[in-house]
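A.B. asks: this one's sequence-less:
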C-alpha cells in the first residue's frame, strides 16, 4: 500500500495537471500573445516553472517516472457541444414547414383556378397551365443558381409537373394535338428535365422526368393502333433511356443502377402490352415480331450493363431478382411469338432460348468477374432446365443434362475461374437419377452414364489436388449416389438397347447389384470413407493409420445395410434359379463384408452391433431356406438353422473376443428352444419331428460344450 505522503503527492500532481488543462482550454477560447502554446501565463520560461505545474511531457524523467497514469482525453474537459435540438428545430422550421407552405400555396392556386375554370375557354385554360408550368420551372432553375434546398426543389418539380399535365391535357382533354405529337412533346419535356440535372445536380429531376415519360408510355400503349405506333413508343423509350444514361453515367453508381432499372421497367411494360395484343381486342393489332425481338435484345443489353455496375454495398439480391424477372419475360416472349406469329415447333423455341442463355453464360465469364460466381450458377440452372426440355423433346428421355456439367468444366478451364464443383456434382447426381428412373433404348444414354462416373471421379480428384476440403464430404456423398444410380441405370439401359427377352426380367437388377457390390469393395480399397482432410492421406496409397470419417462412416453403414435388404429381396423375388443363386451368394458376401466393417470400427463392442450381426445372419438363413425350399414358419428346419446360427455366433464371439455376439448367440439358442417346444410340436407326430427334436437337443448340448470349453481356454 502507498503511504499517506505518497497519496498526497499523487493528489497534488493530479490537481496540477487538471489546472493545466483548464488553463489551456481558456487560452484556446481567448488567444493571448503573452501566453505560450502550452498554456503558461506571462513571459515565464517553461524551464523556470515549478516542476509540478509543467505539462507532464515537459517534466524531467525522474519526475515523470514518479507519476505515470493513462493520458486523459481533453474532450472530457472541453466545453459542452451544441445541443442537437437546435439542428432539429432548424430542419423543421426551415425545410419541412417551408415545404408545407409551398404545398398549401399550390393547393390554394388550384382551388382558385377551380372556381373560375368553367368560365374559361379551352385556349385560356391551356395557356394558364403552360404559363404556370414555365414560370415555376424557370423560377426553380433561376433560384438553383445560388442555392439548393427542398423549397426550390419543390418549385422546380411543381413546374415540371404542370408542363407535363399541359401536354397531356392538350391531347386528352382539349384535343388540340394528336397522340403521336403528345408523345413526342412529352419526350422532349422529359429529355429537357433529365439533361437539366447536369446543371442542377439534383437527381430527383430525372426521377420526376422518368415518371412523366412512363405515364406517357402507358397512355401511348393504351392508344396504340399498330406496329407504327409501337415503333414510335420503342424509339421514345430508347431516347429516354439514352438521356438517363447520359446524365448518370459519370455520377454515382446507385443513380446509374436506378436509371438502368427504370429503363428495364419501361421495356418490360412494352412487352406486357405486346403479350396482351390479341387477347384484349377482337384481333391482334400488331402484325410483326421483329420489334418484340428487338425489345428482348435491348433488355439483355441493359441487364449485362447492370451487372457491370457495382456499388460499395453489393446489392446482389437486386441483380438476382432482375435476372429472374428477365428470364420469365423472355420465356413469355418466346411463347407469345410462337403462338401468335411464328407457329414453329417448340423444340426450336427451346434451342433459341438455350442459345441465348449460353451466350449470357459466356459473357458472364468474360465481363462480370465480381458477380460471376453466383450468376454462373443461375445461368447454369436455367441451361440445365432448358437442356432437360430439349432432351425430352428430341430424344424422348430427360437424360443428358450432364453436358451442362461438361460445359461448366470447360468454361472454368478456358476462362481460368473457380470451378463450380458442387453445382457440377448436383447436375451429375440428377442426370444419373434420370438414367435409372427413365431407362431408354437409345445407346447415347449409356454413354451419358459413363460420362457421369468419369466427371464425378474428376471432381473428387480435383478437390483433393487443390485441397478444396469444405466441399469434400458433400461431394463424396454425391459420388455414392451417382455410383448407386449408375450401377443400376446402365444395365437397365443396356437391357433396353439389346431388347433382352422378358423372361430375364431381373437381369438388370442382378447385374446392377453385383456391380454395386464390386464398387463398394473398390471404394473400401481406395480408402474412400477415410478422412481425406488429414495431411497423412495419400490418394491411391495405403492409409491404414487413418480413421474413417464419422459422417461417411454412417453412409457406409446405411449403404451396406441397404444392399443387404436389397439382396434379400432379390433372393425371394427372382424368377430364375441362376439369378436366385447369384443374389444368394452376393447377399452372403455383403453380410460378411458389413460384419468385417463393424468389427474393425468403433462399434465393435456396441451392444446393438452384436444384436444386429446375429439377427442379420438368422434372417439371411431363414430367407434362403424359405426361398429355395418353400417352408412354413412352423417347420423345424427353421429352428435347426437358428441353432446352427447360434453355434456359429458363440464360436465367432469367443474367437474374436466380442462379448455381445456371444451373449446374443445364447439368447438366440433360448429362442430356438422355445420355438421347438411352443411352435414345432404343433406339427403332426412324425419321424421328421422326432429326428428334428433329437437334432435340436444335440445342437444345444454342442453349444453347451463349446461355451464351457472356450470359456476355460480364456482363463
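C.D. replies: Looks like it arrived, so ask away. Keep in mind it's a predicted model, so treat the numbers as computed, not measured.
A.B. asks: separation between the residue most central in space within the chain and residue 423?
C.D. replies: The residue lying closest to the centre of the chain (C-alpha atoms, centre = their mean) is residue 374, at 7.8 Å. According to C-beta to C-beta, to the nearest Å, residue 374 stands 11 Å off from residue 423. (C-beta placed from N, C-alpha, C; glycine too.)
A.B. asks: swap in residue 398?
C.D. replies: Computed as C-beta to C-beta, the residue 398 to residue 423 distance reads 18 Å.
A.B. asks: neighbour count winner among these two?
C.D. replies: In terms of neighbours (other C-beta atoms under 10 Å), residue 398 is the more surrounded of residue 398 and residue 423; the figures are 20 against 17.
A.B. asks: and the more buried one, which of the three is it?
C.D. replies: Of the three states, residue 398 takes coil according to DSSP: H, G, I helix; E, B strand; the rest coil.
A.B. asks: What count of nearby residues applies to the nearest residue to residue 433 once chain neighbours are set aside?
C.D. replies: Nearest non-adjacent residue to residue 433, counting by C-beta to C-beta, 6 or more residues apart in numbering: residue 485, 5.4 Å away. The tally of other residues near residue 485 (other C-beta under 10 Å) stands at 23.
A.B. asks: for the helix or strand that contains residue 485, which positions count as buried?
C.D. replies: Assigned by DSSP states H and E, residue 485 falls within helix 472-497. Within helix 472-497, the residues that qualify as buried are 472-473, 475-496, counting by 16 or more other C-beta atoms under 10 Å.
A.B. asks: Likewise for stretch 567-584?
C.D. replies: So, applying 16+ other C-beta under 10 Å, buried residues of stretch 567-584: 567, 568, 570, 571, 574, 579, 580, 582, 583, 584.
A.B. asks: what does that stretch contact?
C.D. replies: The contact list for stretch 567-584 (C-beta atoms under 8 Å, 6 or more residues apart in numbering) reads 503-507, 509-510, 513-514, 586-587, 590, 619-620, 623-624, 626-628.
A.B. asks: Can you say which of those residues are buried?
C.D. replies: Among the contacts of stretch 567-584, those classed as buried by 16+ other C-beta under 10 Å are 506-507, 509-510, 513-514, 586-587, 590, 620, 623-624, 626-627.
A.B. asks: I'd guess residue 542 is in a strand, am I close?
C.D. replies: No: under three-state DSSP, residue 542 sits outside any strand and is assigned coil.
A.B. asks: wait, what's in contact with the closest residue to residue 372 other than its chain neighbours?
C.D. replies: Nearest residue to residue 372, sequence neighbours excluded (C-beta to C-beta, 6+ apart): residue 364, at 5.5 Å. Going by C-beta under 8 Å, 6+ apart, residue 364 touches 307, 371, 372, 375, 376, 379.
A.B. asks: And the helix or strand containing the fifth one, what's buried?
C.D. replies: Of the helices and strands defined by DSSP H and E, residue 376 is found in helix 372-394. Neighbour-count burial for helix 372-394, with 16+ other C-beta under 10 Å as criterion, is recorded at 372, 375-376, 378-392.
A.B. asks: How far does that helix sit from its chain's centre?
C.D. replies: 15 Å (C-alpha atoms, centre = their mean, to the nearest Å).
A.B. asks: average pLDDT for the helix or strand just after that helix?
C.D. replies: As assigned by DSSP H and E, the chain's next helix or strand after helix 372-394 is helix 402-414. The average pLDDT within helix 402-414 is 91.
A.B. asks: Any stretches of the stretch 1-150 of the chain with poor pLDDT?
C.D. replies: 1-7, 23-121, 144-150 (pLDDT under 70).
A.B. asks: rerun that using 50 as the cut-off
C.D. replies: By pLDDT under 50, the low-scoring segments of the stretch 1-150 of the chain are 30-48, 51-52, 56, 61-83, 85-86, 94.
A.B. asks: next one: the chain
C.D. replies: Confidence mapping of the chain against pLDDT under 50 gives the ranges 30-48, 51-52, 56, 61-83, 85-86, 94, 502-503, 715.
A.B. asks: For residue 511, give its distance to residue 559.
C.D. replies: 18 Å.
A.B. asks: cool, residue 431 as well?
C.D. replies: Noted for residue 431: a distance of 21 Å to residue 559, by C-beta to C-beta.
A.B. asks: Quick one: residues contacting residue 401.
C.D. replies: By C-beta under 8 Å, 6+ apart, the contact list for residue 401 reads 384, 387, 388, 391, 427, 430, 431, 434.
A.B. asks: any idea which of those is the one closest to residue 611?
C.D. replies: Among those, residue 430 lies closest to residue 611 (C-beta to C-beta), at 37.8 Å.
A.B. asks: Now that closest one: which helix or strand?
C.D. replies: Per DSSP H and E: residue 430 is located in helix 421-437.
A.B. asks: For that helix, buried residues please.
C.D. replies: Judged by neighbour count (16+ other C-beta under 10 Å), helix 421-437 contains these buried residues: 421-436.
A.B. asks: And those, which two are furthest apart?
C.D. replies: Pairwise distances across the buried residues of helix 421-437 peak at 23.0 Å for 421 and 436 (criterion: C-beta to C-beta).
A.B. asks: so who does the residue nearest to the centre of the chain touch?
C.D. replies: Contacts of residue 374 (C-beta under 8 Å, 6+ apart): 316, 320.
A.B. asks: Give me the distance between it and residue 166.
C.D. replies: 47 Å.
A.B. asks: again with residue 222
C.D. replies: In this view, residue 222 and residue 166 are 20 Å apart by C-beta to C-beta.
A.B. asks: The two: who's more crowded?
C.D. replies: A count of neighbours by other C-beta under 10 Å puts residue 166 above the other of residue 222 and residue 166, at 22 against 9.
A.B. asks: Going by distance to residue 170, which of the buried residues of stretch 567-584 wins?
C.D. replies: Nearest to residue 170 among those is residue 570, at 84.9 Å by C-beta to C-beta.
A.B. asks: what about the closest one, distance to residue 562?
C.D. replies: Taken as C-beta to C-beta, the spacing of residue 570 relative to residue 562 amounts to 12 Å.
A.B. asks: Likewise for residue 224?
C.D. replies: The spacing between residue 224 and residue 562, counted by C-beta to C-beta, is 63 Å.
A.B. asks: and if you look at residue 167?
C.D. replies: Here the criterion is C-beta to C-beta. By it, residue 167 lies 74 Å from residue 562.
A.B. asks: who has more neighbours, the two?
C.D. replies: More crowded of residue 167 and residue 562, by other C-beta under 10 Å: residue 167, with 24 against 13.
A.B. asks: Specify the local secondary structure of that one.
C.D. replies: Going by three-state DSSP, the secondary structure assigned to residue 167 is helix.
A.B. asks: can you check residue 588 too?
C.D. replies: Applying three-state DSSP: residue 588 is helix.
A.B. asks: From here on, call the first residue 393.
C.D. replies: Sounds good: first residue 393 from here, last item residue 980.
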